[in-house]
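[1] Return atomic coordinates for the entry below.
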Amino acid sequence: IQVLFQGAHSDWVLDTVFSKDSSHLVSVSRDRSMKLIKVDTEQFIDNITSITPGALRGGLMAVDRHPEKDELLIGGADGSPKIYQMYRTKDRKIGDDYNLIRKFDAMPGRIFSIEYSRDGKWIVAGSSLNSSGEVRVYEVADGKLVSTYELESGAVYCATFSPDGT
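    As a prediction, this is how the structure comes out:
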């Protein structure tokens, strides 16, 4: 994987995920970008997130792909989980964030962990700030907050759904 991203990011790659058909690889990093790479040619294709300076606040730390389609869930320093379409279907323009599908309410601190449920109907995100943490579950379809779990003492660096879907 490091060979694929040599020169693509200006900082460390923190998480990766493959497209549904494994033809593309997506990475997120502290340089605030989500990169799309074609696997067989090792070719950089596109920045999936906005390339406008200042549009993104802080690095991206986690990415997950919807289990049934090429939609990407990301989280990072701005504390706001977001869903993006993987492939651009419109010409890029400076200032756009065209691939953004949904932005969820911001959580306290940085998001370190993010995941789709097995059926793709929910997401879970875990964030931390000043030695406390929070885990939230949202409905994907309408962005509704389903549940919140706050830790007064202890950071959250991993959050996941159990294998039975709960």
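[2] residues contacting Asp46?
    35-36, 88, 92 (Cβ atoms under 8 Å, 6 or more residues apart in numbering). To be clear about C-beta, it is placed using only N, CA and C from the backbone, and glycine gets the same treatment.
[3] ignore the last one, Phe112
    61-62, 75, 126-128, 155-158.
[4] and it, what helix or strand is that in?
    strand 110-116 (DSSP states H and E).
[5] List the buried residues in that strand.
    110-116 (16 or more other Cβ atoms under 10 Å).
[6] What is the nearest of those to Phe18?
    Closest approach to Phe18 among the buried residues of strand 110-116 (Cβ to Cβ): Tyr116, at 14.0 Å.
[7] quick one: the closest one from Asp96, how far?
    Taking Cβ to Cβ, to the nearest Å as the measure, Tyr116 falls 25 Å from Asp96.
[8] all helices of this protein, in order?
    2-5 (DSSP state H).
[9] out of the contacts of Asp46, which are buried?
    Burial by neighbour count, 16+ other Cβ under 10 Å: within the contacts of Asp46 this picks out 35-36, 88.
[10] And the contacts of Asp46, which is closest to Phe18?
    Leu36 (11.2 Å).
[11] Now for the closest one: which residues touch it?
    24-26, 44-48, 86-87.
[12] Which residues are in contact with Arg88?
    Contacts of Arg88 by Cβ under 8 Å, 6+ apart are 46, 48, 98-99.
[13] Buried ones only from those, please, as a ChimeraX command.
    Buried residues within those, by 16+ other Cβ under 10 Å, are selected in ChimeraX with:
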select :46,48,99
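[14] on that earlier part again, quick one: least confident of the contacts of Phe112?
    For the contacts of Phe112, the model is least confident at Ala155; its pLDDT is 88.
[15] With adjacent residues omitted, what lies nearest to that residue?
    Distances taken as Cβ to Cβ, 6 or more residues apart in numbering put Ser128 closest to Ala155, at 3.6 Å, once the chain neighbours are dropped.
[16] from memory the one you found sits against Val156, does it?
    Yes - using Cβ atoms under 8 Å, Ser128 is in contact with Val156, at 5.3 Å.
[17] tell me, what's touching the two both at once?
    Residues touching both Ser128 and Val156 by Cβ under 8 Å, 6+ apart: 112, 134.
[18] Now stretch 115-133: buried residues?
    So, applying 16+ other Cβ under 10 Å, buried residues of stretch 115-133: 115-117, 120, 122-128, 132-133.
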